[in-house]
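**Q** for reference, the sequence and a predicted model appear below.
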Number of protein chains: 2
Amino acid sequence: MKNNNINITKRERDCIITIGKNRNQSFPTRISFIAKSLDMKMPTVEEIIKRLVEKGLVQKEAGMVLLTEKGNNCYEEIIMKHRVMETFLFECGVNADEACREVSRFDYLIDSESADKIIEKIGKPEKCPHGFKIIESKR
Amino acid sequence: MKNNNINITKRERDCIITIGKNRNQSFPTRISFIAKSLDMKMPTVEEIIKRLVEKGLVQKEAGMVLLTEKGNNCYEEIIMKHRVMETFLFECGVNADEACREVSRFDYLIDSESADKIIEKIGKPEKCPHGFKIIESKR
DNA sequence: TATAATTGTTAGTATTATCCTAATAATGAA
DNA sequence: TTCATTATTAGGATAATACTAACAATTATA
């Protein structure tokens, strides 16, 4: 009730978002892809992924980086929190992609219980305002 | 426009809030007081304050820890962001002191420009919902 | 005032998260 | 098979957060 369900860091969040976004793509998610997406070097990504594996959120399979069920839940939660907050900011008059960038800094810090309550107030948006993709902010 | 005006860490934020909250109190703000308030040891606080002095947000005077003008502006900004977000969460049905605790995790990450826009939407609350004091969250 | 208690500071460490380069290993493509 | 890409490991570096121990300075009190 008081804290977030899963404790992750900003960069772990970024990696989860990158992997999750790429789930249903034709090409598999690889360390190199995540590194390119987030403008990081591969060993840096390797280390963050290592931690996510330890936390049971990610698994490696034949060179691919996949979300576990737990990781997928975590991803869905962050996306939900992100969209809800972003929609709110957008309705306040913040530019859509600016709102996206900004919310990326703290979406993962929002309580799930709070996010649920915000949803009741604001509705569950299926996508970012204006259809912008959720970005993994570069630090 | 894209980033926050001043770059501070979570703990720097906590210290600024503690000092700012104590500004007009009869007793001066000391390292020991901040340490007690935030449940940290004095050398830890000393180091964070050292960084805040380097950033021009805090100054030391006769054993007292004071906010500079810049530091005071920073404090006012965070408080504003905090209250506005907290009010929003409260209106969504989140318990007042829970909202306070939660918002303390990310208030300092909100853009000033966004906060201004939220204010136009939600009004400028003079105090937290239910009059709870803004707390410096314990990590 | 002398002593005790509280505060402040410095030194020295530790941990975690982020990052990197360089080297090597493995895999895939041509 | 050779080249290129990708993955991994090793080895560092830095910043933020935290601590204990030791000592200095200040304040309070007996």
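**A** Arrived safely, thanks for sending.
**Q** now do the end-to-end distance for stretch A:33-42.
**A** 9 Å (Cα to Cα, to the nearest Å).
**Q** run the chain-centre distance for that stretch.
**A** 15 Å (Cα atoms, centre = their mean, to the nearest Å).
**Q** cool, and stretch A:12-23?
**A** Per Cα atoms, centre = their mean, the centroid offset for stretch A:12-23 relative to its chain is 5 Å.
**Q** is any part of it close to DNA strand D?
**A** No - interface with DNA strand D: stretch A:12-23 contributes nothing (Cβ under 7 Å from any atom of the strand), its closest point being 12.2 Å away. Bear in mind the C-beta positions are built from the backbone N, C-alpha and C, glycine included.
**Q** what about that stretch, near chain B?
**A** No - applying Cβ under 8 Å from any Cβ of the partner chain, one finds stretch A:12-23 separated from chain B by no less than 12.3 Å.
**Q** neighbours around residue A:49, how many?
**A** Residue A:49 has 20 neighbours, counted by other Cβ atoms under 10 Å in any protein chain shown.
**Q** quick check, residue A:83 in contact with residue A:122.
**A** No - using Cβ atoms under 8 Å, residue A:83 is not in contact with residue A:122, being 9.5 Å away.
**Q** more neighbours: these two, which one.
**A** It is residue A:83, of residue A:83 and residue A:122, that has more neighbours when counted by other Cβ under 10 Å, with 23 against 16.
**Q** mind listing what's buried in the lengthiest helix in chain A?
**A** Of all segments of type helix in chain A, defined using DSSP state H, the longest is helix A:69-91. Of the residues in helix A:69-91, A:71-72, A:74-75, A:77-90 count as buried by neighbour count, 16 or more other Cβ atoms under 10 Å in any protein chain shown.
**Q** what's the angle between it and helix B:69-91?
**A** In terms of direction (axes from the mean of the first three to the mean of the last three Cα atoms, to 10 degrees), helix A:69-91 departs from helix B:69-91 by 110 degrees.
**Q** output helix A:69-91 as CSV, restricted to C-alpha atoms.
**A** C-alpha atoms of helix A:69-91 as CSV (Å, rounded to 0.1, in the frame of the first residue of the first chain):
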residue,chain,number,x,y,z
GLU,A,69,5.4,-12.8,-16.7
LYS,A,70,6.4,-10.7,-13.8
GLY,A,71,8.4,-8.4,-16.1
ASN,A,72,5.5,-8.1,-18.4
ASN,A,73,3.1,-7.2,-15.6
CYS,A,74,5.7,-4.6,-14.5
TYR,A,75,5.8,-3.2,-18.0
GLU,A,76,2.1,-3.0,-18.3
GLU,A,77,1.9,-1.2,-15.0
ILE,A,78,4.5,1.4,-16.0
ILE,A,79,2.8,2.0,-19.4
MET,A,80,-0.5,2.5,-17.6
LYS,A,81,1.0,4.9,-15.1
HIS,A,82,2.8,6.7,-17.9
ARG,A,83,-0.2,7.1,-20.1
VAL,A,84,-2.5,8.2,-17.3
MET,A,85,0.0,10.9,-16.2
GLU,A,86,0.8,12.0,-19.7
THR,A,87,-2.9,12.4,-20.5
PHE,A,88,-3.3,14.5,-17.5
LEU,A,89,-0.4,16.8,-18.4
PHE,A,90,-1.6,17.0,-22.0
GLU,A,91,-5.1,18.1,-20.8
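**Q** no more questions from me, cheers.
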